[in-house]
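**Student:** need a 3D model of the following:
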Amino acid sequence: MTDLNGKQYVCVSCGNPVRELYKKYSNTVKPTHCNKCNQITDKYIEVEEFIILIDALLLVSSAFRHMIYNGKFKLYWKISLVVLLLESFALCRQNREDGVNTALYEKGFYMSALQNLGEYLMITVLLLFITVILGVGQLSKVSLASLTLTILKVVAISNFSKFFLLPILVWGSNTTDFGRNLHYMLVTGHHLCSLVMAYNVVGNIGKHHRCLSILLVICAFIMKEYVRYLSAFQMVL
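**Tutor:** Numbers count the residues shown, from 1 in each chain. Below you'll find the model as predicted:
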């Protein structure tokens, strides 16, 4: 459902569309309950954004729904920019320390940022393609512009996993190659899990499509990582 301003709201517990998140009674405000699951429509209405972000990093599906549908996303766009800069710096530092892709590192931090932006756009396009082909859940019932914006939010939220790159930047040369590579693998794994969960919860995907959509999202992620590897390899050459 949408309000007078065209804003769409959903229950953060089950994803069911709702008309409003709270009701005003004289001087008090009370949250509404979902007609489908009977839970509070949105428990994050009066919660600080930092707590919501922590829940998103912990892969809480209700946090994903609140951020994408019910909350104001302006702050999270800003956080996404910070994540982009963090990931770009981590890539530059890894290239310098490992002696790999030195040509990419010499082209500087901004070239790395452009590469990461290209990867974000690529995974967005792949997810759009998957959604259009499968006609997935709620995502198939909106306009192309709304669909694109929703997918961009999914990609942005999944990229919050890159915050876990901070320890490797702090440790620097005080860790082994095995430890550094293991850390990158764990961050990549969390990123993939976040992307899969965010895409599935915002689409409110049924059981008959869920396994297929998960498989296709994983394939899209692998394709994006493979393109990253090829682009880095070409720059070395």
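
**Student:** isn't residue 18 right up against residue 34?
**Tutor:** Yes. Contact criterion CB atoms under 8 Å: residue 18 and residue 34 qualify, at 6.2 Å. To be clear about C-beta, it is placed using only N, CA and C from the backbone, and glycine gets the same treatment.

**Student:** got any residues that touch both of those two?
**Tutor:** Shared contacts of residue 18 and residue 34, defined by CB atoms under 8 Å, 6 or more residues apart in numbering, comprise 11, 41.

**Student:** other SSEs contacting whichever strand or helix holds residue 145?
**Tutor:** Residue 145 is located in helix 144-158, with elements delineated by DSSP states H and E. Judged by 3 or more CB pairs under 8 Å, 6 or more residues apart in numbering; DSSP states H and E, the packing partners of helix 144-158 are helix 74-98, helix 109-134, helix 177-203.

**Student:** which positions in the shortest one come out as buried?
**Tutor:** Of the residues in helix 74-98, those buried by neighbour count under the rule 16 or more other CB atoms under 10 Å are 76, 79-80, 83-84, 86-88, 90-95.

**Student:** which of the residues you listed sits closest to residue 221?
**Tutor:** Using CB to CB, residue 87 comes nearest to residue 221 of the buried residues of helix 74-98, at 15.3 Å.

**Student:** what's the single longest helix in the protein?
**Tutor:** When the chain is parsed with DSSP state H, its longest helix is helix 207-236.

**Student:** neighbour-wise, which of residue 18 and residue 34 wins?
**Tutor:** A side-by-side neighbour count of residue 18 and residue 34, using other CB atoms under 10 Å, places residue 18 first with 22 against 19.

**Student:** my guess is residue 192 meets residue 214, correct?
**Tutor:** No. At 10.3 Å, residue 192 does not count as touching residue 214 under the criterion of CB under 8 Å.

**Student:** now the helices and strands packed on helix 144-158 in CSV, with distance to residue 161?
**Tutor:** As requested, those are exported to CSV (distance: least, CB to CB, whole Å):
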stretch, distance to residue 161
helix 74-98, 9
helix 109-134, 13
helix 177-203, 4
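
**Student:** okay if I get those helices as JSON lines plus mean pLDDT and distance to residue 40?
**Tutor:** Shown next, in JSON lines, are the helices and strands packed on helix 144-158 (pLDDT from 0 to 100; distance: least, CB to CB, whole Å):
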{"stretch": "helix 74-98", "mean pLDDT": "79", "distance to residue 40": "22"}
{"stretch": "helix 109-134", "mean pLDDT": "84", "distance to residue 40": "29"}
{"stretch": "helix 177-203", "mean pLDDT": "86", "distance to residue 40": "17"}
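
**Student:** closest one to residue 56 among the ones you listed?
**Tutor:** Among the helices and strands packed on helix 144-158, the nearest to residue 56 by CB to CB is helix 177-203 (7.7 Å).

**Student:** since that was my last question, I'll sign off now.
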